[in-house]
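Asks: I'd like to go over a predicted model; first the sequence, then the structure.
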Amino acid sequence: MSDSTIIYTHTDEAPALATYSLLPIISAFARTAGVRVETRDISLAGRIIAAFPEFLNESQRIADDLAELGHEVESPDANIIKLPNISASVPQIKAAIAELQSQGYALPDYPDSPSTDAERDILARYKKVSGSAVNPVLRQGNSDRRAPLSVKNYAKKHPHKMGAWSADSKTSVAHMRGGDFFSNEQSYTSESADTLTIEFVSAAGDVTALRAPLAVMAGEIVDATKMDVAALRQFLTEQKAVAAERGVLFSVHLKATMMKVSDPIMFGHVVTSFFPETFATYGADIAAARLRTNDGLAGIYAGLSALANGADITASFERELAAGPRLAMVDSDKGITNLHAPNDVIVDASMPAMIRTSGHMWDAEGKEADTLAIIPDQSYATIYQVVIDDCKAHGAFDPATMGSVPNVGLMAQAAEEYGSHDKTFEVASDGRVRVTNSAGSVVFDIAVSAGDIFRMCQTKDIPVRDWVKLAVTRSRLTGDPAIFWLDENRPHDAQLISKVTRYLAEHDTTGLDISILSPAAAIAVSLERIRQGLNTISVTGNVLRDYLTDLFPIMELGTSAKMLSIVPLIAGGGLFETGAGGSAPKHVQQFEQENYLRWDSLGEFLALASSFEQLAQHTGNARAQALADTLDRATGRFLDEDRSPGRKLGTIDNRGSHYYLAQYWAQELAAHDDADLAASFAPIAAALTEQEDEIVAELLAVQGSAVQLGGYFHPNHDLASAAMRPSATLNAIVATL
């Protein structure tokens, strides 16, 4: 790859559909500056296909683009635009496999209970593409995420609707008070490079290695902890009773996609705890049929028809549902509950949506209701209760006046919980998990019981030093205070505080307001300031970064898809992310039914401008800088003239928004000081402007009818391209570049 190349990722769902429309425009404009735009397939389907080459014929095999990008992010020339991708749960992987098999890909079935070496190898490959498989590979730098000024100003001029809050709202958050990951955590910093061995020691004294020895670097923070499943189940049973007593909805909020080992297990315990009588009576039958509680009610219901007593089991589930408490619903019209699938309710998206909607979720009748939000581990659950209490006391936030909470996030090199997947285990029997170093000394020794979840995490020193530097830089550039969200009472955070204090001393912080507060205290200060219209930089670890960069943008902007997300890679390159994809599935469903795509590509526009700017700075390509500057101005006009996709048929959708961006961008380039560049774009700008009515008519004409894409996870390229580029007039103009 040359240093004048931008890599644009092909991902999933609505962002992938939008790419069929937007990428031809981007590529055409970029060519005028000598910039090549290449694509890499990191979609769920692409990752699955790449993992099983020997099962496929030559024409079906594809390269492992994610692995290639893993090498690319280590290059100082890296310039990657990363769109949202599916962090797949097991049900999603199984659905993708089935779709690919129906398309002629002879992929092996997902083996839930592998019994041979071959099946264990297949399961290992599928697990490698599951959950947060992409982000730990690409995010080899820390995160700088904020609302661009143009986006923030637009939100103030056109504030989105926020549900009113009542002081007597019964909505609250429940978390464990003991026995959870937070309570059981141990942490230390390795003084030198070392190798750690993780072993399970049974009650009888038998020793089993849980994984290959683990290398750690000098200065690396290592954590170990467990989730006490007995305590978890007691907590869940208690909260079910609390929800019934208060008359509120019961809703569990986990991250079963990204925390792909621990959280699906906890989700399974929520399912069995909510239906104790059904599982006491029929649990053995459900297990014998290989219907996994970790996959949720949807998978169980789908398999019950094959059982002789399936109708009895279904009736038992229905009796316990009717007995209460009421379950929060994902889709009340379709009867999809909070417990149907582990990937339906993801905490970082679901909690802000609830807070934005008066603290309500929906019941089985489609009515809003107060909710008991269950977030078992207390590490980060406390922040949401602070927000809820603030809303009860002061009412809903006002997007027209509120300040902003940008984030500097520690995430490089799979920091913290994000890197735990290969070190997380469901314990088979009572005993201990023992971690020893190369000298044979015991580092961690944790008593466990059958079913407990053991987890280890790592946080390397170089990312921490870079994180502190980035926080100081952002505070200096903006003049805003920066708060490190770290709890001295949490062992991992105590290790980080020591490093942060030491590394802050390496910088000139004169005149800067930089502090360290616990997450609950930090969010209280931040909320007080945003109600005054003031900005506060949140400097957080990886999981809090994920939570906050949904929470505050959803309150401020209505969506996290409009955030500018830059990852300055430690090696010197840049990764530019384009926002969240949480609503992408619903957008695809609407598109297939109505040929109308509501996905907003503003995040792509913002990332692209930053990508061009990075390339210009790295290569000295003045025209790349011209593309960045003009795109930034075009995006500002795009917002001012409200060209974002509408919400109903008859208004422009995602494709129409791309047309207007192209028009405004071309007009800006046609007026640029670079005479040759201006001359190239003058006829393009004229054509896009003069033929506006014809182009818009062509884009609107296709709306209202069903669309065949040939697949959800793996759409047919020609069908998707034709559907997303229905204006022959627009296509012809773009082709002249």
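Replies: Thanks, I have the structure now.
Asks: From the opening residue of stretch 183-199 to its closing one, how far?
Replies: Stretch 183-199 has an end-to-end distance of 22 Å (criterion: C-alpha to C-alpha, to the nearest Å).
Asks: Which of the residues in that stretch are classified as buried?
Replies: 183-190, 194, 196-198 (16 or more other C-beta atoms under 10 Å). C-beta here means a position set from N, CA and C on the backbone, and glycine is covered the same way.
Asks: swap in stretch 285-302?
Replies: In stretch 285-302, counting by 16+ other C-beta under 10 Å, buried: 285-286, 289, 291-301.
Asks: Quick one, grab the pLDDT at the closest residue to His160 other than its chain neighbours.
Replies: Nearest residue to His160, sequence neighbours excluded (C-beta to C-beta, 6 or more residues apart in numbering): Gly558, at 3.6 Å. Note for Gly558: predicted pLDDT of 88.
Asks: any chance you could map the helices in the stretch 351-500 of the chain?
Replies: 378-394, 461-478, 491-504 (DSSP state H, counting those that start in this stretch).
Asks: Leu210: which of the ones you listed is closest?
Replies: helix 491-504 (20.5 Å; C-beta to C-beta).
Asks: by contact count, what packs against the closest one?
Replies: strand 186-189, strand 221-227, strand 453-459, helix 461-478, strand 514-517 (3 or more C-beta pairs under 8 Å, 6 or more residues apart in numbering; DSSP states H and E).
Asks: Buried ones in the following helix or strand past the second one, by neighbour count?
Replies: Spelled out, that is strand 221-227. The first helix or strand that comes after strand 221-227 along the chain, using DSSP states H and E, is helix 229-246. If you call a residue buried by 16+ other C-beta under 10 Å, then helix 229-246 has these buried ones: 229, 231-233, 235-236, 239-240, 242-243, 246.
Asks: how many other residues sit next to Lys170?
Replies: 15 (other C-beta atoms under 10 Å).
Asks: what about the closest residue to it other than its chain neighbours, neighbour count?
Replies: The spatially closest residue to Lys170, leaving aside those adjacent along the chain, is Asp370, at 4.0 Å (C-beta to C-beta, 6+ apart). For Asp370, the neighbour count with other C-beta under 10 Å is 20.
Asks: residues contacting Asp370?
Replies: 169-171, 246, 248-249, 359-360 (C-beta atoms under 8 Å, 6 or more residues apart in numbering).
Asks: Under the pLDDT cut-off, which ranges of the stretch 451-600 of the chain? List them.
Replies: Regions of the stretch 451-600 of the chain meeting the criterion pLDDT under 70 cover residues 580-583.
Asks: tell me the contacts of Ile733?
Replies: 684, 687-688, 691.
Asks: hang on, the earlier thing: please narrow the buried residues of stretch 285-302 to those residing in helices.
Replies: The helices, defined by DSSP state H, take in 285-286, 297-301 from these.
Asks: Quick check: the residue nearest to Lys170 vs Phe484, distance?
Replies: Noted for Asp370: a distance of 34 Å to Phe484, by C-beta to C-beta, to the nearest Å.
Asks: if we can go back for a sec, take the contacts of Ile733 and keep only those in helices.
Replies: Going by DSSP H, the helices hold 684, 687-688 from the contacts of Ile733.
Asks: rewinding a little: now the contacts of Asp370 in CSV, with distance to Ser273?
Replies: Converted to CSV, the contacts of Asp370 look like this (distance: C-beta to C-beta, whole Å):
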residue, distance to Ser273
Ser169, 26
Lys170, 22
Thr171, 21
Arg246, 18
Val248, 17
Leu249, 16
Gly359, 24
His360, 24
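Asks: what two of those are the furthest from one another?
Replies: Arg246 and His360 (14.0 Å).
Asks: thought Arg211 was touching Ile198?
Replies: Yes - assessed by C-beta atoms under 8 Å, Arg211 is found in contact with Ile198 at 5.7 Å.
Asks: Residues that sit against both of these two, list them.
Replies: Lys423.
Asks: Show the contacting residues for Leu569.
Replies: Here Leu569 is in contact with 73, 78, 140-141, 575 (C-beta under 8 Å, 6+ apart).
Asks: Now for the residues you listed: which two are most distant?
Replies: So, those by C-beta to C-beta: farthest apart are Ala78 and Gly141, at 9.6 Å.
Asks: which neighbours do those two share?
Replies: With C-beta under 8 Å, 6+ apart, Ala78 and Gly141 have common neighbours 569, 571, 575.
Asks: Using the three-state scheme, assign Leu575.
Replies: strand (DSSP: H, G, I helix; E, B strand; the rest coil).
Asks: Okay, strands next: where are they in the stretch 51-200 of the chain?
Replies: Taking DSSP state E, counting those that start in this stretch as the test, the strands found in the stretch 51-200 of the chain are 79-82, 143-146, 172-174, 186-189, 194-202.
Asks: Next, format these as a markdown table and append mean pLDDT and distance to Ile514.
Replies: Below are those laid out as a markdown table (pLDDT from 0 to 100; distance: least, C-beta to C-beta, whole Å):
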| stretch | mean pLDDT | distance to Ile514 |
| --- | --- | --- |
| strand 79-82 | 97 | 29 |
| strand 143-146 | 92 | 16 |
| strand 172-174 | 98 | 29 |
| strand 186-189 | 97 | 22 |
| strand 194-202 | 97 | 32 |
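Asks: Residue ranges in the chain under the pLDDT threshold?
Replies: Using pLDDT under 70, the chain drops low at 1-3, 580-583.
Asks: Ramachandran coordinates for the residue lying closest to Gly710 once chain neighbours are set aside?
Replies: Spatial nearest neighbour of Gly710, excluding adjacent residues (C-beta to C-beta, 6+ apart): Asn716 at 3.1 Å. Phi and psi for Asn716, reported as degrees, to the nearest 10, are phi -70, psi 130.
Asks: please renumber so the chain begins at 19
Replies: Sounds good: first residue 19 from here, last item Asn734.
Asks: Asn734 contacts Val725, doesn't it?
Replies: No - Asn734 is beyond contact range of Val725, at 11.3 Å (criterion: C-beta under 8 Å).
Asks: and these two? which has more neighbours close in?
Replies: Val725 (20 against 14).
Asks: pretty sure the more buried one belongs to a helix, no?
Replies: No - secondary structure of Val725 (three-state DSSP): coil, not part of a helix.
Asks: And it, how close does it get to Thr37?
Replies: 16 Å.
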